[in-house]
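show me how the following folds:
(chains A and B)
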2 protein chains.
Amino acid sequence: MGQSYKVAILGATGAVGTELIELLQSRQFPVSELKLLASPRSAGRTLTFQGEELPIEAVGENSFANVDLVLASAGGSISKAWAPKAVAAGAVVIDNSSAFRMDPQVPLVVPEVNPDAAARHQGIIANPNCTTILMSVAIWPLHQIQPIKRIVAATYQSASGAGARAMEEVKTQAKAILQGETPTSEVFPYPLAFNLFPHNSKLTDQGYCEEELKMVHETRKIFGAPDLRITATCIRVPVLRAHSEAINLEFDAPFDVAQARELLSQAPGVKLVEDWQANYFPMPIEASGRDEVLVGRIRQDLSHPCGLELWLSGDQIRKGAALNAVQIAELLVARNLLQPAAPALAT
Amino acid sequence: MGQSYKVAILGATGAVGTELIELLQSRQFPVSELKLLASPRSAGRTLTFQGEELPIEAVGENSFANVDLVLASAGGSISKAWAPKAVAAGAVVIDNSSAFRMDPQVPLVVPEVNPDAAARHQGIIANPNCTTILMSVAIWPLHQIQPIKRIVAATYQSASGAGARAMEEVKTQAKAILQGETPTSEVFPYPLAFNLFPHNSKLTDQGYCEEELKMVHETRKIFGAPDLRITATCIRVPVLRAHSEAINLEFDAPFDVAQARELLSQAPGVKLVEDWQANYFPMPIEASGRDEVLVGRIRQDLSHPCGLELWLSGDQIRKGAALNAVQIAELLVARNLLQPAAPALAT
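Numbering: from 1, shown residues only, chains lettered A, B, ... in the order given. Predicted structure coming up:
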C-alpha cells in the first residue's frame, strides 16, 4: 500500500457531495480520514462513509488544518471564500465550482484529455462544467486525429445540474400536473416537468447564457485550443440526472465515420452505444449512474463535407462532476503530486 | 357570405383529427357538411361539431361522393390508399401524412412561406412535417432578406408527434416512475418519461432517421431552395404537446441581430418571445394551444461571423399539423381555388 490522505469534502450534503463520498469509497481512494464540511444548517447531521457515521461540520477557519486534499462542491462563492484558505493550510483543492476555472494560474482538468495540466497546479485544480466534461471526453479522441475547427452544440440538461432540490422539484411538479394541479417552482424559474426552457444561468450582452459560455471557454482551455470556434444552446429538460448533447463538428477535411466510430469504441471514458437496427442510442436513463459517457449516432454531416454529427448522454453528477474530481485526485496520487501533510496511517 | 363546402376529415379520432374539427369550428371555415371518417374500429362513435353530434363512419369506397375537401390525417398508408380515390371523386385533399410530400406533382405548402404553390395542385396538397413547418415559419422571413446557406438544427419533440396514445403513455410512465414502479412502453420503443432518445423513425444508410431527412428535403422544397444545406438531430423529449428547436443558421454575410429581431417581431405566424432581463424565452408549455410559433434567443453565432442562433417552440398538433392544413384550406377558399361540387347551402 502507498500513502493515504486526509480528505475534506466541502459541500458534503449536496447531490455532488454525496456522490463524492460514494466514489471515494467505491473506488478505494486512499483516505486516512474523511472530513465532511457543509453550511452551518447541515452541521450535526451525519453521513456514512465505509460503514462509519461521520459528523458533518460547519466549515470554518480551522477546517483545513492537516487536510491534504479538499474536494469542493458548494458553489462559486463558497469556493472563493474557502479554497485559498485551504491552500494556505497546505491542502490541494479540487474545485467543482466555476470560481477558478478560467484563472490562468489554475489548471482545468479532464483526466482523459489533459492530465498533464494537473501537474502545474498552485494549490487549486478546477473541475470543468458538466456539459463541457461530457463533450470533451467524447470529442477529444477525434480532435487528436484531426483538429476540430468548429462545434455547434445543443444540450438537453437534466434537473440534477441545479442540485438535489431541483430533482425533487421536477418530481413534485410532475405529480401535481398528473393530478390536474398547477405546479409550483422554487429552484427553477419555470415548471420543468413536461416542459423545457433555455438554461437559467445569467445572460450576457452577447445573448449567450453563462452555461453556454462555459462550454465555449472551458473547452478551449482544456483542449489548449484558444481558436476553437464553439457555439452552444443549453436547454433544461425534464430528466432527473444525466445530460445529453447533440454535437455538430467541423474539421478542415472530411473525417471518416468508420474511423470516428473505431476511435470512440476504444476511447477512455467513452462507451459507444449504437445499434442501428434497433434504433438504440445513448439515453439519459441508461447513462445515469454510469462512469462512461455514452456516445452514438455518429454520422457524416449531410450539410457539410467536413462535418460529423454525434449524440451523447452522460451522468451529470458522476462524470460531469464528482467522478471527474475523484479521477483528478487519483491522477495526483498516481503521479505522486499529492503529499500527505500528516504522517501516513496506512502502510 | 361566400360558398360553403362539404368537408371530410379522414382520421377524425386522432390527436390531429380532433384538432381539425375544433379549428374548422373556431376559425369559422365555411362548412356546409362535415363527414368524420376513421378506421372501422371507431365507426359508430360520435364527435361534436358546432354543437351537433356527428357519427364517425368507417372510410370506404363511397365516402368521398360529393365531398369538396378532404383533410387527411390518418397516416401514410391510409392516405396512399384513399387520397387518389377522393381526388377521383372530385375532392381536393390536404394530406397531413408524408405519403405525397416529396411527389413533384404535389405542392408542399406552409401558407406563410409558399402560398402560391397551392394553386399548382392536381388534387392533393401536402401538409409538411411538424418540425419542418415550425422551422420554416420562423426562418423564412430571414431567408427573404438574405438567403440561408446552411442550417444545423436540434429538435426537442413532444410525445404528441406520435399521437394521442403516446401522450397518455408518457403520463402513465411518469406516474409509474413516481410510484417507484418500472414504466412500460407500447407506443415508444423506450420509456420517454424523465428520459429522452433520438427520434424513433426509420434510420437510413446515411445514419439519419426519416424525421431528420424530412427537415432536410421538405424545407428545401417549401423554400424552393434545392441547394440549401441542412442537418438535423431529432430527439423525443418528455413534453406532452409542443415541439422546440435549437436552430443555427449560416448566411453568406453577417445578419444583423437587431434586424432579425425586428423582422421576426412582425412576421406572420411568429411571436417573438424574448425578455432578456427575466431570462424568459419560448417554452413548450406556453406554445401549447397557440397558433403562433414562439421564437426567441436570437443571437449572433459566436463561432461564425455569418451565423445566427435562435430557439423556437410551436404547437406540434396545431401549427405543426392541423392549423397549417386548415390555413391551406382557407387559402384555397380565399383564392377561389376550391369549388363546391354540391350546390352551395349558405348564401
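
whichever residue of the stretch 51-200 of chain A sits closest to chain B sits in which helix or strand?
Of the residues in the stretch 51-200 of chain A, the one nearest chain B is residue A:154, at a distance of 3.5 Å by C-beta to the nearest C-beta. Where you see a C-beta, it was placed from the backbone N, CA and C, and this is true even at glycine. Using DSSP states H and E, residue A:154 sits in strand A:150-157.

quick check: mean pLDDT across the helix or strand immediately after that strand in the chain?
Toward the C-terminus, strand A:150-157 is succeeded by helix A:164-178 as the next helix or strand (DSSP H and E). Averaging pLDDT along helix A:164-178 gives 97.

what about helix A:164-178, near chain B?
Yes: Helix A:164-178 lies within reach of chain B by C-beta under 8 Å from any C-beta of the partner chain, at A:170, A:171, A:174, A:175, A:178.

next, count neighbours for the second one.
Counted by other C-beta atoms under 10 Å in any protein chain shown, the residues lying close to residue A:171 total 17.

which residues sit in contact with the residue nearest to it when sequence neighbours are not counted?
Distances taken as C-beta to C-beta, 6 or more residues apart in numbering or on different chains put residue B:178 closest to residue A:171, at 6.1 Å, once the chain neighbours are dropped. By C-beta atoms under 8 Å, 6 or more residues apart in numbering or on different chains, the contact set of residue B:178 is A:171, A:174, A:175, A:178.

for residue A:287, what are its contacts?
Contacts of residue A:287 (C-beta under 8 Å, 6+ apart): A:242, A:244, A:293, A:294, A:313, A:314, A:315.

ok, now with 7 Å
A:242, A:294, A:313, A:314, A:315 (C-beta atoms under 7 Å, 6 or more residues apart in numbering or on different chains).

which residues touch the third one?
It stands for residue A:313. A:242, A:244, A:282, A:283, A:284, A:287, A:294.

can you do 8 Å?
A:242, A:243, A:244, A:245, A:282, A:283, A:284, A:286, A:287, A:293, A:294.

my guess is the fifth one contacts residue A:295. True?
Okay, so that is residue A:282. Yes: taking contacts as C-beta atoms under 8 Å, residue A:282 lies within contact range of residue A:295: 6.5 Å.

which one among the contacts of residue A:287 gets closest to residue B:340?
Here the nearest of the contacts of residue A:287 to residue B:340, counting by C-beta to C-beta, is residue A:313; it sits at 54.1 Å.

which SSE is that closest one in?
Per DSSP H and E: strand A:307-315 holds residue A:313.

direction included, what does that strand pair against?
strand A:242-250 (antiparallel), strand A:293-300 (antiparallel) (DSSP bridges).

what comes up buried for the shortest one?
Along strand A:293-300, these residues count as buried under the neighbour rule (16 or more other C-beta atoms under 10 Å in any protein chain shown): A:293, A:294, A:295, A:296, A:297, A:298, A:299, A:300.

which other residues reach that strand?
With C-beta under 8 Å, 6+ apart as the criterion, strand A:293-300 contacts A:134, A:137-138, A:254, A:257, A:260-261, A:264, A:269-274, A:281-283, A:286-287, A:307-314, A:319, B:198, B:206-208, B:233.

output it as PDB, nothing but the C-alphas.
Output of strand A:293-300 as PDB, limited to C-alpha atoms (Å, rounded to 0.1, in the frame of the first residue of the first chain):
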ATOM      1  CA  VAL A 293     -20.100   9.000 -21.500                       C
ATOM      2  CA  LEU A 294     -22.400   7.100 -23.900                       C
ATOM      3  CA  VAL A 295     -21.800   8.200 -27.500                       C
ATOM      4  CA  GLY A 296     -23.600   7.300 -30.700                       C
ATOM      5  CA  ARG A 297     -25.400   8.200 -33.800                       C
ATOM      6  CA  ILE A 298     -22.100   9.100 -35.400                       C
ATOM      7  CA  ARG A 299     -22.800  10.200 -38.900                       C
ATOM      8  CA  GLN A 300     -21.400  12.200 -41.800                       C
END
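
what pLDDT, on average, does it get?
Strand A:293-300 comes out at a mean pLDDT of 98.

for stretch A:265-276, same thing?
Here the average pLDDT along stretch A:265-276 is 98.

among the contacts of strand A:293-300, name the buried ones.
For the contacts of strand A:293-300, buried by 16+ other C-beta under 10 Å: A:134, A:137-138, A:257, A:260-261, A:264, A:269-274, A:281-283, A:286-287, A:307-314, A:319, B:198, B:207-208, B:233.

re earlier: any chance of the contacts of residue B:178 in CSV, with distance to residue B:72 too?
Shown next, in CSV, are the contacts of residue B:178 (distance: C-beta to C-beta, whole Å):
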residue, distance to residue B:72
A:171, 40
A:174, 35
A:175, 39
A:178, 33
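
and the stretch 101-250 of chain A, which of its residues are near chain B?
A:150-152, A:154, A:156, A:170-171, A:174-175, A:178, A:189-191, A:194-198, A:200, A:202-203, A:206-209, A:216, A:229-231, A:233, A:235, A:237-240, A:244, A:246, A:248.

of the contacts of residue A:287, closest to residue A:45?
When the contacts of residue A:287 are compared against residue A:45 (criterion: C-beta to C-beta), the nearest one is residue A:315, at 25.2 Å.

wait, isn't that closest one in contact with residue A:239?
No: when contacts are counted by C-beta under 8 Å, residue A:315 is not listed as touching residue A:239 (11.2 Å).

so for those two, which sits in the more crowded spot?
residue A:239 (31 against 28).

list the buried residues of stretch A:65-72.
In stretch A:65-72, counting by 16+ other C-beta under 10 Å, buried: A:67, A:68, A:69, A:70, A:71, A:72.

excluding its backbone neighbours, what's nearest the third one?
Spelled out, it's residue A:69. residue A:7 is the one closest to residue A:69 (C-beta to C-beta, 6+ apart), at 4.8 Å.

give me the neighbour count for that neighbour.
Neighbour tally, residue A:7, other C-beta under 10 Å: 26.

that one and chain B, how far apart?
Relative to chain B, residue A:7 is positioned 33 Å away (C-beta to the nearest C-beta, to the nearest Å).

again with residue A:331
From residue A:331 to chain B the distance is 31 Å (C-beta to the nearest C-beta).
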